[in-house]
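>>> pasting the sequence and the predicted model now:
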Amino acid sequence: MAAETMDALDKELLNLLQEGIDLVPRPFLALAEKLGTDEETVMERVRKLKKDPIRQISAIFDTRTLGYKSSLVAAKIQEERLDQAAQVINRHPGVTHNYKRNHAYNLWFTIAVPPNSRIGLEKTVEILGELAEVDVIRLMPTLKLFKIGVQLDMTGKEDGTKAKAKPNYNEEDRKNADKVVTEFDIAVIRELQKDLPIESRPFDGWAKNIGVTVDELLDAGKNMIQRKQMRRFSAVLNHRKAGFRYNGMGVWAVPADQTDKIGQEMGSFKAVSHCYLRPTYPDWPYNIFTMVHGRSMEECENILQAIEDETGIKERVTLYSTKEYKKTRVSYFTPEMEEWEEQIIQQLGLDA
């Protein structure tokens with residue numbers, strides 16, 4: 001469903017779905033009560049919105065608190081080889097986002113490896129660089145998280161240059177997170193990371209799969225939210241199909257003694273979905289990354305200009321994605337990662 005054909009109820013529903021779905025036996029009824037309509041109407045609307053613009057409705061877990069190691073990675077690749085290199089990198093099951101961007105570092109991807117990885121994050125990235133025959137590859141891990149949480153305003157009521165919001169998940173949450181993950185937790189994670197069925201009692205089948213009651217499954221999910229292992233259970237939208245056709249990664253050169261203050265200020269903008277402190281390199285002076293989404297490039301630039309005006313930080317560049325090679329969520333505790341690593345170990349004769 002194109003953004004321009006949505007009515008007010010569709011847009012309000014999409015905003016609520018992004019904020020987070022209540023972990024209750026009948027979540028669509030709970031949404032209906034908030035919207036002043038009935039359960040069947042909400043389910044019918046969600047069915048029509050699935051895939052266009054809703055990509056998936058599921059739990060959003062915090063990679064690091066589950067013991068995974070992850071990083072943003074930047075690579076320089078010859079233009080004529082870019083598509084081929086992206087395909088090689090995408091074969092790794094822990095690569096979730098992969099974009100071509102308008103910069104000398106022209107391929108940017110995110111990767112996560114599990115706590116039982118036999119190769120490890122740094123070596124995995126090195127191997128991917130070799131297999132993809134990149135010119136330069138750089139790890140850009142998160143040194144500090146100021147904000148994470150995409151929430152697009154579908155109603156058009158907010159001014160992205162002014163709207164402020166308290167970050168809904170930040171470094172303090174990660175510090176306070178319970179890092180213990182039990183076998184029961186893993187069983188719950190494997191179910192809650194699936195795409196939610198659009199039916200009156202969608203959690204029933206998942207509970208049955210692991211031999212627990214629906215209340216036990218939902219209580220486990222709520223506990224994971226309290227323990228900061230799950231950020232929320234919500235919808236993720238296909239940004240372009242939702243009308244937000246541009247995403248600008250604004251990267252800023254911030255003096256080292258100001259990064260905490262400036263990072264918090266930048267993260268307070270509601271239009272900023274991600275805000276991180278990352279390492280610098282001799283040819284990369286930018287240490288704070290802010291991701292913004294807009295219906296036009298002008299809208300993105302206006303948001304970034306508002307951030308510049310408020311913080312006084314002027315040294316920045318904006319990297320726009322010009323091609324999407326992959327966008328999905330991390331699938332936690334699945335066999336695909338072990339299978340990829342075993343294949344690579346055998347292929348390269350690694351001692352792992």
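Yep, it's here.

>>> would you map the strands across the stretch 201-350 of the chain?
Applying DSSP state E, counting those that start in this stretch to the stretch 201-350 of the chain gives strands spanning 230-237, 246-252, 272-277, 288-294, 316-327.

>>> the stretch 1-150 of the chain too?
Taking DSSP E, counting those that start in this stretch, the strands of the stretch 1-150 of the chain run over residues 54-61, 69-76, 95-101, 107-113, 136-140, 144-148.

>>> okay if I get those as a markdown table plus mean pLDDT, distance to residue 228 and mean neighbour count?
All C-beta atoms are positioned from the backbone trio N, CA, C, and that covers glycine. What follows is those, written out as a markdown table (pLDDT from 0 to 100; distance: least, Cβ to Cβ, whole Å; neighbours: other Cβ atoms under 10 Å):
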| stretch | mean pLDDT | distance to residue 228 | mean neighbour count |
| --- | --- | --- | --- |
| strand 54-61 | 94 | 10 | 21 |
| strand 69-76 | 98 | 16 | 20 |
| strand 95-101 | 96 | 20 | 20 |
| strand 107-113 | 98 | 17 | 23 |
| strand 136-140 | 97 | 23 | 18 |
| strand 144-148 | 92 | 12 | 22 |
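
>>> tabulate these (a markdown table), appending distance to residue 30.
As requested, the strands of the stretch 1-150 of the chain are exported to a markdown table (distance: least, Cβ to Cβ, whole Å):
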| stretch | distance to residue 30 |
| --- | --- |
| strand 54-61 | 14 |
| strand 69-76 | 32 |
| strand 95-101 | 29 |
| strand 107-113 | 31 |
| strand 136-140 | 39 |
| strand 144-148 | 25 |
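
>>> please, which helix or strand holds residue 175?
Element membership for residue 175 (DSSP states H and E) is helix 171-176.

>>> following that helix in sequence, what is the next regular element?
helix 183-192.

>>> where does the stretch 251-352 of the chain have low pLDDT?
Within the stretch 251-352 of the chain, the ranges that satisfy pLDDT under 70 run 352.

>>> okay, helices next: where are they in it?
259-267, 297-311, 336-348 (DSSP state H, counting those that start in this stretch).

>>> please identify which of these is closest to residue 12.
helix 297-311 (21.1 Å; Cβ to Cβ).

>>> mind listing what's buried in the closest one?
299, 300, 301, 302, 303, 304, 306, 307, 308, 311 (16 or more other Cβ atoms under 10 Å).

>>> neighbours of residue 211, how many?
8 (other Cβ atoms under 10 Å).

>>> state the distance from it to residue 217.
Using Cβ to Cβ, to the nearest Å, residue 211 is found at 10 Å from residue 217.

>>> would CSV of the strands of the stretch 201-350 of the chain with mean neighbour count be doable?
Putting the strands of the stretch 201-350 of the chain into CSV (neighbours: other Cβ atoms under 10 Å) gives the following:
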stretch, mean neighbour count
strand 230-237, 22
strand 246-252, 22
strand 272-277, 23
strand 288-294, 24
strand 316-327, 16
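
>>> could you list the low-pLDDT ranges of the stretch 51-200 of the chain?
Ranges of the stretch 51-200 of the chain meeting pLDDT under 70: 150-170.

>>> helices along the stretch 1-150 of the chain, start to end?
So, for the stretch 1-150 of the chain - with DSSP H, counting those that start in this stretch - the helices run 8-19, 27-35, 39-49, 82-90, 121-132.

>>> looking at those helices, which is closest to residue 64?
Going by Cβ to Cβ, the one of the helices of the stretch 1-150 of the chain nearest residue 64 is helix 121-132, 11.4 Å.

>>> can I get stretch 47-64 in PDB? Just the C-alpha atoms.
What follows is stretch 47-64 as a C-alpha-only set of coordinates in PDB (Å, rounded to 0.1, in the frame of the first residue of the first chain):
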ATOM      1  CA  ARG A  47      -2.700  -7.600   6.500                       C
ATOM      2  CA  LYS A  48      -2.900  -5.000   3.800                       C
ATOM      3  CA  LEU A  49       0.100  -3.100   5.200                       C
ATOM      4  CA  LYS A  50       2.300  -6.100   5.500                       C
ATOM      5  CA  LYS A  51       5.400  -6.000   3.300                       C
ATOM      6  CA  ASP A  52       4.200  -2.700   1.900                       C
ATOM      7  CA  PRO A  53       5.200  -0.800   4.100                       C
ATOM      8  CA  ILE A  54       5.400  -3.200   7.000                       C
ATOM      9  CA  ARG A  55       8.500  -5.400   6.600                       C
ATOM     10  CA  GLN A  56       8.100  -7.500   9.800                       C
ATOM     11  CA  ILE A  57       6.500  -7.500  13.200                       C
ATOM     12  CA  SER A  58       8.600  -9.200  15.800                       C
ATOM     13  CA  ALA A  59      10.800  -8.800  18.900                       C
ATOM     14  CA  ILE A  60      13.800  -6.400  18.600                       C
ATOM     15  CA  PHE A  61      16.600  -7.700  20.700                       C
ATOM     16  CA  ASP A  62      19.700  -5.900  21.700                       C
ATOM     17  CA  THR A  63      22.600  -7.800  20.000                       C
ATOM     18  CA  ARG A  64      25.300  -7.000  22.500                       C
END
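
>>> what about that stretch, distance to the chain center?
Relative to the centre of its chain, stretch 47-64 is centred 10 Å away, using Cα atoms, centre = their mean, to the nearest Å.

>>> turn the strands of the stretch 201-350 of the chain into JSON lines, including distance to residue 70.
Putting those into JSON lines (distance: least, Cβ to Cβ, whole Å) gives the following:
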{"stretch": "strand 230-237", "distance to residue 70": "14"}
{"stretch": "strand 246-252", "distance to residue 70": "17"}
{"stretch": "strand 272-277", "distance to residue 70": "11"}
{"stretch": "strand 288-294", "distance to residue 70": "14"}
{"stretch": "strand 316-327", "distance to residue 70": "15"}
